[in-house]
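Participant: can you look at this prediction? I've put the sequence above it.
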Amino acid sequence: MAGNGTASISAAERSAMARARELALLGPRGVNPQVGAVILSPDGRVLAEGWHRGAGTPHAEVDALSKLAPGEARGATAVVTLEPCNHTGRTGPCAVALLEAGVARVVHAAADPGEASSGGAARLAVAGVEVERLDEAEGEALIADWLFVQRTGRPRVTVKWAQSLDGRAAAADGSSRWITGPEARAHVHRERSAHDAIAVGTGTVLADDPKLTARIPGVDDAPQPLPVVFGERDIPAAAALRAHPRGLRTAGRDIEAELRALAADGIQSLYVEGGPTLASAFIRAGLADRFTIYLAPTLLGGPRTAIDAIGVGTIDEQRRLAVTRLEQLGRDLLVEATTESE
Ligand code: AOF
Ligand code: ZN
């Protein structure tokens, strides 16, 4: 590759990369990454912008090039949030499209991790194009969940619960509305909206009749996650979930297989909302990556622990987590944690 330093990156290229990240977010989350591209003239003017609109549609670089007249990209610089691909998938290789357009320089952020698709930067460099890396960390953060799916073959899983200080999620009769205050519950809605899908067990559907929509005050078009109901029991015809704007998906016992199927359908992140049986099953199977736990300053006592057994029979088997965030939300505490292996 022509270089890894940043000394030769211009101010115009830096601002084009920031713009390319904004453009990337105009595209949908799905089986493909969100990618943005800006084409700059040799003197740093923006010639064209592009972004990827999902699997089967042109890649960001090709989208940007398509807005130019023949020959207009000759000698230009392409600034892209992801390394241009090197494979023929649903579309042709972007590295070749850039070469054919006569682009002289490519500045990209994240590397393409794909076995077949990677190598675009090397191919361009071999053909005499200058290739530079810029904002690699930001580029990876932009597609962190997609990169996780590429690495693991499944969505990134966040398990959430609310509990009393003594670790209970309900009173002895099962009633649980509400343990936490309004600030913590508002936070849950933002978390829902930040995930591609929400998982609940049929037990929670029957007990709580949740809507599982993301309701954020002042935001009418908050992204709505796909509800996924795990379990064997039937979902009542009158369940509120049946009115969900995304429809609903049912899932069987094999969590790992269900997660692979969700990833194949473009679900990059899953929010596991309830209840104790489902949360425990994910944790027991080693399929919980992140935890958001709301701690309410209240005591419930009794048998209704926040999660059930997770296969820890002796202390050597405890599941240690690393706390990544601690925040007070109204009267409650939010603890975010992650598995150390993540
Ligand atoms: C790019 N620019 O805008 C995107 C890239 O099946 P395809 O043809 O859509 O290829 C999908 C793969 O291409 C995807 O897994 C990733 O490696 C890369 N995505 N590459 O140069 C883009 N979206
Ligand atoms: Zn491509």
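Facilitator: Cool, the structure landed. Numbers count the residues shown, from 1 in each chain. Ligands and ions are numbered 1, 2, ... in the order given.
Participant: how near is the one residue in the stretch 1-150 of the chain that gets nearest to ligand 1 to ligand 2?
Facilitator: The nearest approach of the stretch 1-150 of the chain to ligand 1 comes at G89, 2.8 Å away (CB to the nearest ligand atom). C-beta: built from backbone N, CA, C; applies to glycine. Distance, G89 to ligand 2, using CB to the ion, to the nearest Å: 8 Å.
Participant: ok, now which ones touch that residue?
Facilitator: 116-117 (CB atoms under 8 Å, 6 or more residues apart in numbering).
Participant: one more: the one 3 residues further on?
Facilitator: Contacts for G92 (CB under 8 Å, 6+ apart) come out as V62.
Participant: pLDDT score assigned to it?
Facilitator: Listed pLDDT for G92 reads 86.
Participant: before we move on, what SS does it have?
Facilitator: For G92, the assignment made with DSSP: H, G, I helix; E, B strand; the rest coil gives coil.
Participant: for this protein, what lies in contact range of ligand 2?
Facilitator: 59, 85, 94 (CB under 5 Å from the ion).
Participant: try it again with 8 Å
Facilitator: Within the chain, the residues that sit near ligand 2 (CB under 8 Å from the ion) are 35, 59-62, 84-85, 87, 89, 91-95, 97, 117, 120.
Participant: list only buried entries from the residues you listed.
Facilitator: By neighbour count, with 16 or more other CB atoms under 10 Å, the residues of the chain next to ligand 2 hold 35, 59-62, 84-85, 87, 91, 93-95, 97, 117, 120 as buried.
Participant: among the residues of the chain next to ligand 2, which ones are in helices?
Facilitator: Among the residues of the chain next to ligand 2, the members falling in helices (DSSP state H) are 60-62, 94-95, 97, 120.
Participant: near ligand 1, which of these show up?
Facilitator: Contacts with ligand 1 within those, counted by CB under 6 Å from any ligand atom: 60-61, 94.
Participant: in TSV: the residues you listed, plus distance to L295.
Facilitator: Formatted as TSV, those follow (distance: CB to CB, whole Å):
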residue	distance to L295
A60	43
E61	47
C94	48
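Participant: how far is stretch 166-182 from where the chain is centred?
Facilitator: Chain-centre distance of stretch 166-182: 29 Å, with CA atoms, centre = their mean, to the nearest Å.
Participant: start to end distance for it?
Facilitator: The first and last residues of stretch 166-182 sit 20 Å apart, counting by CA to CA, to the nearest Å.
Participant: check which residues of that stretch are buried.
Facilitator: Buried residues in stretch 166-182, defined by neighbour count with 16+ other CB under 10 Å: 167-170, 176, 179-180.
Participant: gap between A309 and G274?
Facilitator: A309 is 17 Å from G274, where distance means CB to CB, to the nearest Å.
Participant: of those two, who's got more company?
Facilitator: Just comparing A309 and G274: by other CB atoms under 10 Å the higher neighbour count belongs to G274, 24 against 11.
Participant: and the more buried one, what are its bridge partners?
Facilitator: In this structure, G274 bridges to V200 when assessed by DSSP bridges.
Participant: ok, now L334?
Facilitator: Under DSSP bridges, the beta-bridge partners of L334 are Y294, E327.
Participant: was I right to think it contacts E327?
Facilitator: Yes - contact status for L334 versus E327: in contact at 4.6 Å, counting by CB atoms under 8 Å.
Participant: hey, where'd the helices end up in the stretch 1-150 of the chain?
Facilitator: For the stretch 1-150 of the chain, the helices defined by DSSP state H, counting those that start in this stretch occupy 11-24, 60-65, 94-101, 120-126, 136-142, 144-152.
Participant: deepest in the core, which of those helices is it.
Facilitator: The highest mean neighbour count among those, using mean count of other CB atoms under 10 Å, belongs to helix 60-65: a mean of 26.
Participant: quick one: distance of that one to the chain centre.
Facilitator: Mean C-alpha position of helix 60-65 versus that of the full chain (CA atoms, centre = their mean) differs by 24 Å.
Participant: ok, now stretch 98-115?
Facilitator: How far stretch 98-115 lies from its chain's middle: 24 Å, per CA atoms, centre = their mean.
Participant: just flag the most distant two among the buried ones among the residues of the chain next to ligand 2.
Facilitator: Largest separation among those by CB to CB: A60 and H87, giving 15.3 Å.
Participant: tell me the spatial nearest neighbour of H59, not counting adjacent residues.
Facilitator: By the measure of CB to CB, 6 or more residues apart in numbering, the closest residue to H59 outside its immediate chain neighbours is C94, 5.0 Å from it.
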